[in-house]
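Undergrad: Turn this into a model:
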Amino acid sequence: MTPQELAEKVVARMYDNDPFSIWLGIERVALRPGHCELRMTVRNEMLNGFAIAHGGITYSLADSCLAFASNSHGIQAVSVETSISHTRALKEGDVLTANSEEKSLSRSIGVYHVTVTDEHGKTVALFKGTVYRTGKPWFPEEEPKP
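TA: Next comes the predicted model:
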């Protein structure tokens with residue numbers, strides 16, 4: 001299996017078993033090892049009392065992007081630290097795109113930056129995530145035998 005095929009297989013399994021990302025309406029746009037691009041539309045039930053998107057919506061989109069990107073190498077990874085800066089308010093109907101950038105990757109730690117933009121290409125949030133790479137393969141049955 002190529003690295004690209006492995007990335008696609010891992011993310012397909014993750015997404016298919018992720019009811020929250022499915023509820024958000026996340027669409028997988030692009031994927032390669034260490035990188036993910038996701039898209040979603042802000043819906044009415046995602047708004048807060050100010051009639052703007054709840055901060056948790058943008059955070060959740062970026063967090064899913066982090067999860068898919070960091071697991072796409074075929075090793076199970078879990079977040080250990082994340083943070084977000086919201087730079088613009090969002091309204092119902094806004095289309096968000098999250099793009100990850102792998103900044104550092106070692107045997108046990110990965111660091112990713114995720115930029116979230118609106119349909120006009122304007123940055124609406126900046127997210128940073130650090131993951132712990134467990135060393136456990138997603139598909140141990142397909143690991144080569146010594």
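
Undergrad: Report the mean per-residue pLDDT for the lengthiest helix in the chain.
TA: Identified as the longest helix of the chain according to DSSP state H is helix 55-71. Across helix 55-71, the average pLDDT comes to 98.

Undergrad: Also stretch 101-120?
TA: Regarding stretch 101-120, the rounded mean pLDDT is 98.

Undergrad: Contact partners for Lys9?
TA: Lys9 sits next to Met1, Trp138, Phe139 when contact means C-beta atoms under 8 Å, 6 or more residues apart in numbering. The way it works is simple: take the backbone N, C-alpha and C, and place the C-beta from them, glycine included.

Undergrad: Return the member of the residues you listed nearest to Tyr59.
TA: Ranked by distance to Tyr59 (C-beta to C-beta), those are led by Trp138 at 24.7 Å.

Undergrad: Remind me which helix or strand the nearest residue to the closest one once chain neighbours are set aside belongs to.
TA: Excluding the flanking residues, the one nearest Trp138 by C-beta to C-beta, 6 or more residues apart in numbering is Val10, at 4.8 Å. Using DSSP states H and E, Val10 sits within helix 3-16.
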